[in-house]
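[1] with the sequence up front, the predicted model follows.
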Amino acid sequence: TSPLMQDPPAPEKVTDVSLRGAHDFYIVPTDHVRMTFEMQSANRNKGNDLAVFRVFHGNKEISREAFDVSGSRDARMGRIFKHTINVSHVEPGVYRIRFQADDDIFIRKIITPNTRWVVGPRLVFGDTVGYATTTIPGRVWTNSRHLVAETFHIEGLQTIDLAGQSYPLTQTHALVRIDRSDDLPDPVELRVPDGDVRFIGDGFFAFTPDAFFEPKPRRFNSSTNLNNERINAVITTYQRPEPLGGGWFRVTQHFALDPTLDQLRFVVSAPGVFSRSGAVDIRQIDLTYHRNAVTLSDWFHTLRQELVNAWHRL
């Protein structure tokens, strides 16, 4: 289930950002959820750009606001304008503001009294190429273990720093895979000195370390640290593999078969095996079918189903 969170009221705080295009914002409510966005159009397209704010409580959409942003192909950025999302009489939980717009729309400031809010899993530090002589550096804190970074402009070529490790971007329109160590406490700092980089992560991003929280229940994977997550026990139907010696294990699984399926496909998953440069060897697979004794009527039913399956193969 989704976490039930609520914070005490706090004064408004202004955060300078340079976010380009669509983003998802996750917020812990106080007695309300209030976010003011200062936005700007790049004016790269003739005609109006459409922007939409959608607000969700859990998975339920509670409001939607759409508006036009004028475009004129001027040789300068458009005027800065504000849009405020205000939801009162809120219940505990996690609220999400989904901002949908193309990459011509930039968010320049976020003003909110909500102390904990994060962005993700997409984060795009916008460029100011053609409109300013300097760029806004990107600095966030994230729990992402794996990220993909990409820049689309020469000005975005730089060295990214994640938790003290350097990752160079040496060419445009090329994906750079970033994997960090699992033993570092979350969140870790991500620095992008020149901005102008798009990130897709497997976690979330906060612009200050105290604003960070995890908006969704933790998904267990190969990098989950139970101590860091303060987890004392796990209740699960997990079946421990049987050790055979020499590093080999055996596991047995049972599946109920759907008689309408004419083919079966089994996939063996090894989480994180690629990023960890590991390998899994399979020595033997035994596949055994079991069924109850059948009557003559059951036999004719099975024969009929096999004919149907054969017909679908044609």
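    That came through fine.
[2] is the nearest residue to Asn114 once chain neighbours are set aside bridged to anything, and to what?
    Spatial nearest neighbour of Asn114, excluding adjacent residues (Cβ to Cβ, 6 or more residues apart in numbering): Ile27 at 5.0 Å. For every residue, glycine as well, the C-beta is placed using N, CA and C. Using DSSP bridges, the bridge partners assigned to Ile27 are Tyr95, Trp117.
[3] give the contact list for Ile27.
    Val33, Met35, Val94, Tyr95, Arg96, Ile97, Thr112, Asn114, Arg116, Trp117 (Cβ atoms under 8 Å, 6 or more residues apart in numbering).
[4] and the residue lying closest to the third one once chain neighbours are set aside, how many residues sit next to it?
    Looking back up the chat, that one is Val94. Among residues not flanking Val94 along the chain, Pro215 sits closest, at 4.6 Å (Cβ to Cβ, 6+ apart). Neighbours of Pro215 under the rule other Cβ atoms under 10 Å: 21.
[5] Pro215 touches Pro29, doesn't it?
    No: using Cβ atoms under 8 Å, Pro215 makes no contact with Pro29, being 11.8 Å away.
[6] look up phi and psi at Ala211.
    The phi/psi pair for Ala211 (degrees, to the nearest 10) reads phi -80, psi -10.
[7] got it, and Ala310?
    The phi/psi pair for Ala310 (degrees, to the nearest 10) is phi -60, psi -40.
[8] look up how far Pro168 lies from it.
    Per Cβ to Cβ, to the nearest Å, Ala310 is found 57 Å from Pro168.
[9] now stretch 181-188: buried residues?
    For stretch 181-188, burial by neighbour count (16 or more other Cβ atoms under 10 Å) applies to Leu184, Asp186, Pro187, Val188.
[10] doesn't Phe255 belong to a strand?
    No: assignment of Phe255 by DSSP: H, G, I helix; E, B strand; the rest coil gives coil, placing it outside any strand.
[11] need the buried residues of stretch 181-188 in a markdown table with pLDDT, can you?
    Below are these laid out as a markdown table (pLDDT from 0 to 100):
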| residue | pLDDT |
| --- | --- |
| Leu184 | 79 |
| Asp186 | 82 |
| Pro187 | 92 |
| Val188 | 94 |
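[12] which among those residues gets closest to Met39?
    The closest of the buried residues of stretch 181-188 to Met39 turns out to be Pro187 (Cβ to Cβ; 26.3 Å).
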